[in-house]
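In: Sequence and predicted structure are below.
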There are 8 protein chains.
Amino acid sequence: MSHEIRDILQQLRAGELSLDEAERALKTKPFDDLGFAKVDLHRKTRQGVSEVIYGEGKTAEQIVRIVEAMQQAGQPDVLITRLSREKAQLVSAVCDLEYSEMARIGIIGKRPEPDGCGRILIATAGTSDMPVAEEAALTAEMLGNQVVRAYDMGVAGLHRTLAHMDDVMDANVIITVAGMEGALASLIGGLADCPVIAVPTSVGYGASFGGVAALLAMLNSCASGVAVVNIDNGFGAAFMASRINHMGVKNAS
Amino acid sequence: MSHEIRDILQQLRAGELSLDEAERALKTKPFDDLGFAKVDLHRKTRQGVSEVIYGEGKTAEQIVRIVEAMQQAGQPDVLITRLSREKAQLVSAVCDLEYSEMARIGIIGKRPEPDGCGRILIATAGTSDMPVAEEAALTAEMLGNQVVRAYDMGVAGLHRTLAHMDDVMDANVIITVAGMEGALASLIGGLADCPVIAVPTSVGYGASFGGVAALLAMLNSCASGVAVVNIDNGFGAAFMASRINHMGVKNAS
Amino acid sequence: MSHEIRDILQQLRAGELSLDEAERALKTKPFDDLGFAKVDLHRKTRQGVSEVIYGEGKTAEQIVRIVEAMQQAGQPDVLITRLSREKAQLVSAVCDLEYSEMARIGIIGKRPEPDGCGRILIATAGTSDMPVAEEAALTAEMLGNQVVRAYDMGVAGLHRTLAHMDDVMDANVIITVAGMEGALASLIGGLADCPVIAVPTSVGYGASFGGVAALLAMLNSCASGVAVVNIDNGFGAAFMASRINHMGVKNAS
Amino acid sequence: MSHEIRDILQQLRAGELSLDEAERALKTKPFDDLGFAKVDLHRKTRQGVSEVIYGEGKTAEQIVRIVEAMQQAGQPDVLITRLSREKAQLVSAVCDLEYSEMARIGIIGKRPEPDGCGRILIATAGTSDMPVAEEAALTAEMLGNQVVRAYDMGVAGLHRTLAHMDDVMDANVIITVAGMEGALASLIGGLADCPVIAVPTSVGYGASFGGVAALLAMLNSCASGVAVVNIDNGFGAAFMASRINHMGVKNAS
Amino acid sequence: MSHEIRDILQQLRAGELSLDEAERALKTKPFDDLGFAKVDLHRKTRQGVSEVIYGEGKTAEQIVRIVEAMQQAGQPDVLITRLSREKAQLVSAVCDLEYSEMARIGIIGKRPEPDGCGRILIATAGTSDMPVAEEAALTAEMLGNQVVRAYDMGVAGLHRTLAHMDDVMDANVIITVAGMEGALASLIGGLADCPVIAVPTSVGYGASFGGVAALLAMLNSCASGVAVVNIDNGFGAAFMASRINHMGVKNAS
Amino acid sequence: MSHEIRDILQQLRAGELSLDEAERALKTKPFDDLGFAKVDLHRKTRQGVSEVIYGEGKTAEQIVRIVEAMQQAGQPDVLITRLSREKAQLVSAVCDLEYSEMARIGIIGKRPEPDGCGRILIATAGTSDMPVAEEAALTAEMLGNQVVRAYDMGVAGLHRTLAHMDDVMDANVIITVAGMEGALASLIGGLADCPVIAVPTSVGYGASFGGVAALLAMLNSCASGVAVVNIDNGFGAAFMASRINHMGVKNAS
Amino acid sequence: MSHEIRDILQQLRAGELSLDEAERALKTKPFDDLGFAKVDLHRKTRQGVSEVIYGEGKTAEQIVRIVEAMQQAGQPDVLITRLSREKAQLVSAVCDLEYSEMARIGIIGKRPEPDGCGRILIATAGTSDMPVAEEAALTAEMLGNQVVRAYDMGVAGLHRTLAHMDDVMDANVIITVAGMEGALASLIGGLADCPVIAVPTSVGYGASFGGVAALLAMLNSCASGVAVVNIDNGFGAAFMASRINHMGVKNAS
Amino acid sequence: MSHEIRDILQQLRAGELSLDEAERALKTKPFDDLGFAKVDLHRKTRQGVSEVIYGEGKTAEQIVRIVEAMQQAGQPDVLITRLSREKAQLVSAVCDLEYSEMARIGIIGKRPEPDGCGRILIATAGTSDMPVAEEAALTAEMLGNQVVRAYDMGVAGLHRTLAHMDDVMDANVIITVAGMEGALASLIGGLADCPVIAVPTSVGYGASFGGVAALLAMLNSCASGVAVVNIDNGFGAAFMASRINHMGVKNAS
């Protein structure tokens, strides 16, 4: 990390840089010296995707322009989240876009081979939670993870939960996606021995308050080893799970 | 119910009552005529306890005075809820009081024989929920019910829950008592085939918000056949459960 | 319940099953052994309807497919809740559907004969609460209950409430449906001597906060014997009421 | 009201005031000219009490000093609200104080004769609401009103409510004081034909949220002719009720 | 009130009624005896309008049917609140309707002559509060009150407030209508010496939370003599104000 | 700011620093290069106080140790906020402490001469807001500002507000401190033509919700030129006001 | 300010005004005497814009009428905020309107020359916050300020924030605009040595609760020198910032 | 896992178990068969601590009894969280307890050697967050992790944050602990390339609402790779972090 500083100093001493040039060099890229860039390099190397575009609140034109800029910068693979059907159609006219309406995700380029340590299990309480779960699943796949889907594990039907006992035991990381009372996180958190990321969803009505009931339940889970992301934040859960799932790789390397 | 009206009318026609006396009789006890009293009579007959005193916000002196008034009215058995240790000691000096500090309940007189249809199972998620559960248990017993206690059924330890499978299956009514994420209600609600009364408790910290997290979870339970009472309201849950548990008796009679 | 285990063991000892076959049998259906299935069998037998589909968030196509699967499994009678007019029309094209727009309920097959112990009274505060009340009423009828409707019992007009005194006294279970300040639950709770299920509705404006005012009022009811379900959850109230109304039957059998 | 301006102007024109003196006179008491004082004069004349001290957050010394200042200004009768027992004892050592611990009110001087149009009925749902009700009652009496107390009108026991039917019908203004679900306001609001002031109290626990449940219920009352004051604000309700109760007097005069 | 009871009893004794007829008579109209009807009679006599229809959540057809029923019952003058433009057009096709789109109020029949004691001042903070204010104004006029409108009294521009000083001083009752921070209620409450009804409105954005900010401000007003109704409840404020404004009349009579 | 970098580079080129020494110099104080220190230097120079200790949650010992470290670093003047009486006594035993119990502020060293552009007016709605106001006042004085106190400007008594009209007009910055409905901020915001900092206080009860009512009112103020700090944050308001009050000085220099 | 009073008095003494005329003059414009007008005069002189129209809730017709009234009153330059595209088109047909759809701002007349002391930096966390930032930017420019825009300073990408270090250091006032977690305010508040106005935006989803998360974060900022305005209130932030930015001018003059 | 089933079956076939004995064996320990025990075994093996006791709401006697039961079961090392000083003293009298008052943690037995993959960095915003951070640190150490503490990384003082850049880059997992506005999570989340667990604390006042402001900020973090636990839940964060930190170990094995 400090090579650049030393390089500049050596070049200065060697007369290859003037005093002005050396000062400017130290000032114009000060943050490289501090290791910020390291983050991005690591990310690119390890996670198989260069960049994510949050599509909400961006026009199709803005999205296309960002994609083009990325591709000119040599990053052909892009993940676009919260992409409406309408915008997807507009983007498709210009780029080669693979689109999942349920997940509201667009993918440009190819999906990477899984390079994580193990499998990420994505479990939902009911079928209504599937859009959020698919946002998580596609994100996790684009980040180089093998994903197992279990999309109707219920709580009120315990036998359905237990039928997935093997998936729970075999997972390296689990993402639980649930609205209403969000009890699935506690149930799986009590069964699993791997990290569990809980995603409350806005599925429900009345006193679910748009996902608040599930959010509170997950934050108060009596099961240890559960951490929570924002309501409906499938992307965030997958990003976190992918980081965890690449730990062994990082540690092994 | 209408016998009294008819009696008065007959006595009037027979000249046994003057017009003034008849009118006064109809006006001084108008509510008997309307059937309100029926409620109290039924209650006394069927539920084995005459009256409940809510001890919170009453002084020991006030409580003693109410008890004495009841006893003079021929009601020797009294249940006092939310009774602090200090007040209990003051009441004990005057009445023959059986006191449970955990449940904050005082009992005067004798407990009735169970006369309900079946058993009421009272299940808690953890040991911290026991005070609310005991309030429910003692209340249910005083109202003439057979009570089964299962006070650490957890959720994070599913095997503990399932170890009580028989109790769940055998119960006529179930009261689930849980704080934190309140998932026990959904779990038991999904297993049981009898009515489930859910009591959120204020057990927890941080985002449990004094029981709100559990309350919301229970209201949003994806399990059908679950209804909810106020936070920490063990008494209310037991009263409701007792009414349900005496349904068969009422219907049979 | 344990017959299957014993059967397997006997067949093993008799040489009718190999060791591998016996082990697989015990592992592939382990939950039957635990009695989970019992729930479903009981439900089917006693409640007169096999299955309920929650229509919200499901496409008409998904609903039709579930209905077909049920019918192939020998369950001709299906209740579909939260079914919009549009979806109902699509489903009608394929199945023989009876649809109530007010209740947003679709019924396939025939309504069962009432087999509960008594009557379920469904009382609303005002006419605006009728959609939720009808969801409860049709659900209760499909679950085999006799339903009495009292859809404008008010509170501000006490004489309207009292005019239904007989219905209140004769009911086996009461469902009170009210928005705004939700006082009807307390009023009826104080008059009735049977279990009362309170359903807050989102009827109101301003500080009713989409049903929160009514929900809180019902949870804090000073009347004993009242339990609460989620805002606008007419189905849940009816399911709970039906369980209670079939108690005597269960107990009698 | 405008006499002073005119007086000054006349004195100026008559040469009794210099230009400087007239200008200063108009500037030093400008607000008298605007009629602000009118309020205080009216208040003093009509309501029988000169001033109220809000005792909360004031030391006993501060209270004594304010009382002395008032008495020197010729106002012997003072009402002190939210006065703790401790402060009351300290104030008693210096002034001649009549103290109600329940109402947390201290009175210096004599209570005025009632000079309002009619009676103010103060109704509570339960005995726990009495402190707030007494704050209202003593305030109303000090403001010159005849007060009728009905302190256990319940809701869950409708016959208790109806037993006070005459008081409700005879009142000129009604103050309903209730915690928990606050349904008393709607019940009385539906029966009465006079203005009803509703005071939510912090009586309750759990989901009463310190009076919020009652507050919301009262704001959403389906009964017309009900307006609400802050939680536990017995003083404010009585002040408002007294203003209304003196309307006829004002209008008659 | 008790004449009917006596009449029935006399007729019974005279043999004009059979025992059965007398009993039924006493049971079928029991509430008349209790004085409930008195309310409606008073209301009709004193307030100049027989009935109000809350249009929200009712179809145009339902509204028309209610109006026709009223007119057949001899009540030609009807006030319909929360009536959308669309419904108003449908109702207009059948009845002779006067419609205010801003107030969302429809009036059938003629407006009564003012018969209250004095004037009701309706003051708003800004022009955006006018719809709620007009709902209050038209309601108050239909209830027989003289109304003074002051629809831009502001707070941030104190001179505008003070410019209406005379209106404030001359009013018998004041309705303050304000969204955002709702400070107008405190400002006017501090100036006026008559009862003030405060109506928070949902005018505002962000942390106004749909009127909650104004509601809380009004409930916490440091000015005495202010009571509050629900957010946007112009009708309720006017109804309350009208009751107060007719006090003197009632008292005088 | 960049002098140090250049100095190091020149020393390196001149052979006064070795390569290692230069690199270490650039790395050990990298943030000086980025201008972070500039902040602290400016602050010290301009605002007359070196450092503030937030006393809440620190023990008296910790506070003393921080003070000693400051004094050894040549900073004799220290402001300690949220300092309880108990801790103040312990600190007094070691340091020369000037303590205000009302403001819960301790001052070590001498108060600076005012060097701001003008006066900061600190206005409160009532006397109960004085502790927060004094925290602001002492902080502002320690930061080199001339402070004018107006501690009972009310809203309900408009004449009191207007009596301070000159102070409002003469102020360079105004801090309004108010609990309950917080209307003072709007009132003064509408009168003043200088920046207004609003501090909601937790003064009040019931629906003031610990200052939330005042906070919301201030955020929604219809007066322009008002910005808000946290509930009871007198220090923060004074710090902000001092920055503004030193703007002219900064700009002039 | 007091000239008018003196003038009137002199005219009275000189016989140019009758007693009646003098009294009426003093009463009809009393508020001019109190200095209220001073505010408007100062504002006009110093801030380069006469009036602002809040477009929300006003029809295009109303806006046009207000603009015409202003122009007739000699105020050609008008700023219209919260102006929808539709209304803008209607207004454009009548007035010469410059419209920014992003900022939802319309400008009539010419933008003033900057006359503030320094620059106002407007920083956003992300591109989605731009509409609110542009409302602030255009407002600040119309109020006579030089504006620097930095519209993607992030927090998660610290190097982007630090890349704007010079802008932060050079600003006279900073407006930080951020939704989601609102951390930008704390980050910049810790770096800057000038006043910081924080504007929470409703950008985000789930537990951002329409800007509440950002609002709370900003109110709780551990950085001193930060004050907050309402969610999405770009106008208010700019107005406050402009007042501050003109302090030096005011003080210098 | 399935060995036991097979063993029982073999014993049955071999005649070593009767049919009754085999059935009972399968029924009395059914959950071992289902793999639940696997969880506990894994946990014991990998995480170096057998059991954790949540001390809140348990008496010292209850804690001692649980510890003794554990030790008799061969588990000498126990972690007790939320243990007050008083209870710790009572437990110390019986067991050999190492107690940290700041962390409110008691440790019985020896701390394990670190066996995780890397280091867990625990970063706080300020010193007031230390109790929660220490709960996390001691827990993480007891679970076999190497912990790095950075307890005053601030946000308002960015240079302090950046001074820990190396710790951030070297960590395998990071726990950020912050109250008030909770911005530290976003700041570190943007810098780090490892999983970040965010713990909101109840440090703060006013609108921090006991940690809600920090909680919301963390849930809405614009930095990816951040997940959140309950307010003040240092234990939960450490447990989650430990699971992640042992991933490589698990995966490697």
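Out: Structure received.
In: List, one by one, the residues from chain A near chain B.
Out: Chain A comes close to chain B at residues A:125-126, A:154-158, A:180-183, A:185-187, A:189-191, A:204, A:206-209, A:212-214, A:216-224, as judged by CB under 8 Å from any CB of the partner chain. To be clear about C-beta, it is placed using only N, CA and C from the backbone, and glycine gets the same treatment.
In: can you give me the helices in chain A?
Out: Listed in chain order, the helices found in chain A under DSSP state H are A:3-13, A:19-28, A:30-33, A:36-47, A:60-72, A:85-92, A:130-142, A:158-162, A:165-170, A:184-191, A:212-219, A:234-245, A:247-252.
In: closest to F:Arg149 out of those helices?
Out: helix A:212-219 (43.3 Å; CB to CB).
In: quick one: is the closest one near chain D?
Out: No - on the criterion CB under 8 Å from any CB, helix A:212-219 is out of touch with chain D, staying 13.7 Å away.
In: show me the residues around A:Ile108 that make contact.
Out: A:67, A:76-78, A:80, A:95-98 (CB atoms under 8 Å, 6 or more residues apart in numbering or on different chains).
In: so where's the stretch 1-150 of chain A uncertain?
Out: For the stretch 1-150 of chain A, the stretches flagged by pLDDT under 70 are A:1-4, A:23-50.
In: what about the nearest residue to A:Gly106 once chain neighbours are set aside, how many neighbours?
Out: The shortest distance from A:Gly106 to any non-neighbouring residue, by CB to CB, 6 or more residues apart in numbering or on different chains, is to A:Ile80 (4.0 Å). Using other CB atoms under 10 Å in any protein chain shown, A:Ile80 has 25 neighbouring residues.
In: so A:Ile80 sits right up against A:Arg104, yeah?
Out: No - the criterion here is CB atoms under 8 Å, and A:Ile80 misses it with A:Arg104 at 9.1 Å.
In: hang on, the earlier thing: deepest of the helices of chain A, which one?
Out: With neighbours defined as mean count of other CB atoms under 10 Å in any protein chain shown, the helices of chain A peak in mean count at helix A:212-219, which reaches a mean of 31.
In: Tell me, what's the model's pLDDT at the residue in the stretch 151-253 of chain A that chain G sits nearest to?
Out: Of all residues in the stretch 151-253 of chain A, A:Ile231 sits closest to chain G, at 3.0 Å by CB to the nearest CB. Predicted confidence (pLDDT) for A:Ile231: 97.
In: Which neighbouring residues are in contact with it, exactly?
Out: The contact partners of A:Ile231, taken as CB under 8 Å, 6+ apart, are A:199-202, A:210-212, A:214-215, G:205-207, H:219.
In: related to what we said a few turns ago, so which of the contacts of A:Ile108 is the closest to H:His246?
Out: A:Asp77 (31.4 Å).
In: quick one: that closest one from chain D, how far?
Out: Using CB to the nearest CB, to the nearest Å, A:Asp77 is found at 50 Å from chain D.
In: Near that residue, how many other residues are there?
Out: Each residue near A:Asp77 was counted by other CB under 10 Å, and the total is 17.
In: Looks like it contacts A:Lys110 (just checking).
Out: Yes - using CB under 8 Å, A:Asp77 is in contact with A:Lys110, at 6.4 Å.
In: looking at chain A, which residue ends up farthest from its center?
Out: A:Gly15 (47.2 Å; CA atoms, centre = their mean).
In: okay but A:Leu187 is in contact with A:Arg160, surely?
Out: No - proximity of A:Leu187 to A:Arg160 does not meet the contact threshold set by CB under 8 Å, at 11.0 Å.
In: Near chain C, which residues of the stretch 101-250 of chain A? Just list them.
Out: Neighbours of chain C within the stretch 101-250 of chain A, by CB under 8 Å from any CB: A:127-128, A:158-159, A:162-163, A:203, A:205-208.
In: Now with 6 Å, please.
Out: Within the stretch 101-250 of chain A, the positions adjacent to chain C are A:128, A:159, A:162, A:206-207 by CB under 6 Å from any CB of the partner chain.
In: For those, which two are the farthest from each other?
Out: Spatial extent of those (CB to CB) is set by the pair A:Leu162 and A:Gly206 at 29.3 Å.
In: A:Val94 and A:Gly106, how far apart?
Out: A:Val94 is 12 Å from A:Gly106, where distance means CB to CB, to the nearest Å.
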